[in-house]
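**Student:** following is a predicted model, sequence given first.
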Amino acid sequence: MPVPLRRRINIELLLGISATFLSLAALVVSIVQTRIAREQQHASVWPYLQILASNFDNELHYGLENKGVGPAIIRDFEIAYRGKTYKNVR
């Protein structure tokens, strides 16, 4: 009766496959972390505009201040008072 042959586990092959798998997993984690960091960077530089207004000697003084980190680009503005819109107020 023939004796069944037993295969030995090749340690070098097992270590090579494990190292390759871990390297690919680390690459995927690195790509995901980079994408998250980039999104966080973009979100942290948003402008935050605050309207300032005061009444002094029967004159209304107003202003707009950027309290955020990123630049605020204002292309146009208008002021509405009692249903009427004013483009230039001086």
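**Tutor:** Received, thanks.
**Student:** quick one, domains of the protein?
**Tutor:** Here the domain parsing of the chain from automatic domain parsing is 8-44, 49-86.
**Student:** how about those in TSV, adding mean pLDDT and mean neighbour count?
**Tutor:** For every residue, glycine as well, the C-beta is placed using N, CA and C. Shown next, in TSV, are the domains of the chain (pLDDT from 0 to 100; neighbours: other C-beta atoms under 10 Å):
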stretch	mean pLDDT	mean neighbour count
domain 8-44	92	10
domain 49-86	86	9
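**Student:** where do the helices of this protein begin and end?
**Tutor:** 11-44 (DSSP state H).
**Student:** tell me the spacing between Gly63 and Ser54.
**Tutor:** 9 Å (C-beta to C-beta, to the nearest Å).
**Student:** quickly list what's touching both of these two.
**Tutor:** Taking C-beta atoms under 8 Å, 6 or more residues apart in numbering as the criterion, Gly63 and Ser54 do not both touch any residue.
**Student:** what residues are up against the residue nearest to Gly68 when sequence neighbours are not counted?
**Tutor:** Counting by C-beta to C-beta, 6 or more residues apart in numbering, Gly68 lies nearest to Tyr48, which is 3.4 Å off, once chain neighbours are set aside. By C-beta under 8 Å, 6+ apart, the contact list for Tyr48 reads 66-68.
**Student:** nearest to Phe77, of those residues?
**Tutor:** Phe77 lies nearest to Asn66 out of the contacts of Tyr48, by C-beta to C-beta, at 13.8 Å.
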